[in-house]
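Engineer: Sequence and predicted structure below; questions after.
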Amino acid sequence: MPQPTPLPGGAEYRSERRHYPDGTVREKRWTKLMFIDATGMPQVQEIVEIIPPLTDGIVPKDDDDVLFCTSCTALVCKSMHSFQCAGCAMTYCFRCRVVVPTEDGDVGLCPTCAQKVKTPMLVRIIRRLAWGE
């Protein structure tokens, strides 16, 4: 059965409250706007937002994409604004990441591992273990 054509000027709203393991409650809102554009063509615009937003401002497609920074416990989206430390493999946000320069290029480490690493040789060993380089 074909779906009915949305009427121009119409809007649909949906929202869900989600409880995250850090104890915060966030609302995920979906808004669908139907309108006629300047060329006379019907358009549909979908907006998804999280209130209050995640620390990095990204709206994840799925709740499984939300991770916690091990250092500052901020909620971040795993697809863009989180990384695994090359030393301990824990998840950190980009604000907590420490970039350690080496002869082979920069390495992203967590604050704890960055304090432990004092020489480029140790960073090279960590890169080989973590990435097989």
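Structural biologist: Looks like it came in fine.

Engineer: can you pull out the helices in the protein?
Structural biologist: 111-116, 120-131 (DSSP state H).

Engineer: hey, least reliable of these by pLDDT?
Structural biologist: Mean pLDDT per stretch puts helix 120-131 lowest among the helices of the chain, at a mean of 62.

Engineer: Quick check: Ser82 touching Cys93?
Structural biologist: Yes - assessed by CB atoms under 8 Å, Ser82 is found in contact with Cys93 at 5.8 Å. All C-beta atoms are positioned from the backbone trio N, CA, C, and that covers glycine.

Engineer: For these two, list the residues in contact with both.
Structural biologist: 69, 76 (CB atoms under 8 Å, 6 or more residues apart in numbering).

Engineer: quick one: the most centrally placed residue in the chain from Leu54, how far?
Structural biologist: Residue closest to the average C-alpha location in the chain (CA atoms, centre = their mean): Cys77, at 1.5 Å. Using CB to CB, to the nearest Å, we find Cys77 at a distance of 6 Å from Leu54.

Engineer: repeat for Pro111
Structural biologist: For Pro111 relative to Leu54 (CB to CB), the value is 21 Å.
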